[in-house]
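[1] return atomic coordinates for the entry below.
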Amino acid sequence: MIEGLQLALTMDVFAFIILGTLIGLMLGALPGLDATTGVALLLPVTYVLAPVPALMFFVSLYAAGVFAGSITAILFRIPGSSEAIMTAVEGHHFTARGEAGLALGVAVTCSAIGGLIATVALFTITPWLASVALQFGPSEYFALGVLGLSCIAAVSASDPLKGIIAALIGLLLATVGIDQITGAKRFDFGVSSILGGIPFVPAMIGLFAASEVYRRIAQRDHTLVSGGGRKVTIRSALPPFLTLLKLRWTVLRSSVLGLLVGILPGAGATTAAILSYSAEVRMSRQPEAFGKGKIEGVAAPESANNAAAVGAMIPLLSLGIPGSGTTAVLIGAFLIHNLQPGPFLFIENPEIVYALFGGIAITNVMVLLFSIVFIQAFAHFVRLPYPILATSILSVSVIGSLAFGDVNSVAVMLAFALLGLALEAARYPLAPVVLGLVLGPIIESSLRRALLMTDFDFTALLARPITAALLAVALLFIAVPAVAGLIRWWRARKQTP
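    Below you'll find the model as predicted:
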């Protein structure tokens, strides 16, 4: 471990850690450009580099890019990356109240802590965690998706029925495209660009960023920040110690949950952020306060998505299996330098493995330092007159959507903007739509694969301990709010003369 840290701190390697962190922050904060895109675009550049600086550059870019999406998510309700979806749901309310500095400070600090906790796991229990990931099959992924959906009642505490309807809309949209099992076309309406499914990033940009602009224009609300008549200055700094102390259990359990989800191949940091946010809502004594600007709603997904990004390196390095889209691209970087991820990498090149671990730890510290400068730069945009800011947000939304395809991606973005505008006008929550759209493909494909493996025997799924346990917890989370609602209704009825 010491040799790995020493190698990461040598001048030539450390320079590429700083460069990767800066590029990752820039790419992550721009909608349509994320860490995966950055790694894919810059992969050819590293042909001329030695293996350690090249891999350190990409790992730093990856870790920094996951965090940076939260900056625009909090300030403008624009998720810079898919991992920042839940941060956009909760964090933008702080900006509207003139408290963006608090949300940004908590986001960057919790991101760094979550990444460092996961890095400790990298150093210590990588082989064991990789073996845990191998225990998950299609039925376990299905149960995990159901567990994520089970939070709908808690997220929509004010009107659970509307939350369920919104989630069903998301699940319906998740069925668009080619069926993963049979190859049949579904709901594509002759548009070839959505045969692979609705492009997620353009959809989220439209649902959150563009719809927010349209809503403010419709309501003639030309103020992004409500400062109560005073001039609002947005500064990001480490949050007060008492605030961090209050969030200590939120950060710890979200980091552990994010790490565990991150090691599951294909689950990804976005799923980790959703599950951690859901868990925090359920465990809160004030679940109705979520979705309106509660600080735990920022700390939980930011701790989880960074821990998941680090966790995705575990199956990559120990088994040679990519844990996320970015780590799948990273395999190319290893192969370019004649390195094969997997068990033999620990035997033949242990110094490279532990140098990567050390580089990830250093990157999380660098993010903590550099993000203050980036946040200050983006904060200047908040002070612009809203008509200029609205035009800029829509322009960035169009450009970000074009990065994921052709003009049809822009059409998807605009369609989801109208959908978001209509849902919010009717007071339907947007978070369940996101849950359905993200978790729908995981639930459907995993369930169908599991049933094919068991000859469509549902009871065989429940015979698997992990599946049964996850489904039992999901049922409990669904039943408790329902029973509590019935009790409140019964008491109110008894008190009515």
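[2] ok, how many other residues are close to residue 47?
    By the measure other CB atoms under 10 Å, the count of residues near residue 47 is 9. (Each C-beta comes from the backbone N, C-alpha and C, glycine too.)
[3] quick one: contacts for it?
    Contacts for residue 47 were tallied using CB atoms under 8 Å, 6 or more residues apart in numbering; they are residue 336.
[4] from residue 2, how far out is it?
    Residue 47 sits 31 Å away from residue 2, going by CB to CB, to the nearest Å.
[5] what are the ranges of the helices in the stretch 251-400 of the chain?
    In the stretch 251-400 of the chain, the segments counted as helices under DSSP state H, counting those that start in this stretch are 268-283, 296-311, 313-319, 325-336, 343-348, 350-382, 386-402.
[6] of all these, which one is nearest residue 443?
    Evaluated over the helices of the stretch 251-400 of the chain, closeness to residue 443 peaks at helix 268-283, with 11.3 Å, by CB to CB.
[7] can you pull the buried residues of that closest one?
    Using 16 or more other CB atoms under 10 Å as the test for burial, helix 268-283 gives 268-282.
[8] and that helix with helix 325-336, angle?
    150 degrees (axes from the mean of the first three to the mean of the last three CA atoms, to 10 degrees).
[9] tell me the mean pLDDT for helix 268-283?
    The average pLDDT within helix 268-283 is 82.
[10] what packs against it?
    Under the contact definition 3 or more CB pairs under 8 Å, 6 or more residues apart in numbering; DSSP states H and E, helix 268-283 sits against helix 85-96, helix 138-149, helix 152-155, helix 248-262, helix 296-311, helix 431-453.
[11] what's the most buried one of these?
    Here the criterion is mean neighbour count by mean count of other CB atoms under 10 Å, and of the helices and strands packed on helix 268-283 the winner is helix 296-311, at a mean of 34.
[12] got the CA coordinates for that helix in CSV?
    Extracted C-alpha coordinates of helix 296-311, given in CSV (Å, rounded to 0.1, in the frame of the first residue of the first chain):
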residue,chain,number,x,y,z
GLU,A,296,-30.0,14.7,4.0
GLY,A,297,-31.5,14.5,0.4
VAL,A,298,-28.3,16.0,-0.9
ALA,A,299,-25.8,14.2,1.4
ALA,A,300,-27.2,10.7,0.7
PRO,A,301,-27.0,10.5,-3.1
GLU,A,302,-23.7,12.4,-3.3
SER,A,303,-22.1,10.0,-0.8
ALA,A,304,-23.5,7.0,-2.6
ASN,A,305,-22.7,7.9,-6.2
ASN,A,306,-19.0,8.6,-5.5
ALA,A,307,-18.7,5.5,-3.4
ALA,A,308,-20.3,3.5,-6.2
ALA,A,309,-17.9,5.0,-8.8
VAL,A,310,-15.0,3.7,-6.7
GLY,A,311,-16.8,0.4,-6.0
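[13] tell me which residue is most central in this structure.
    The residue lying closest to the centre of the chain (CA atoms, centre = their mean) is residue 83, at 2.1 Å.
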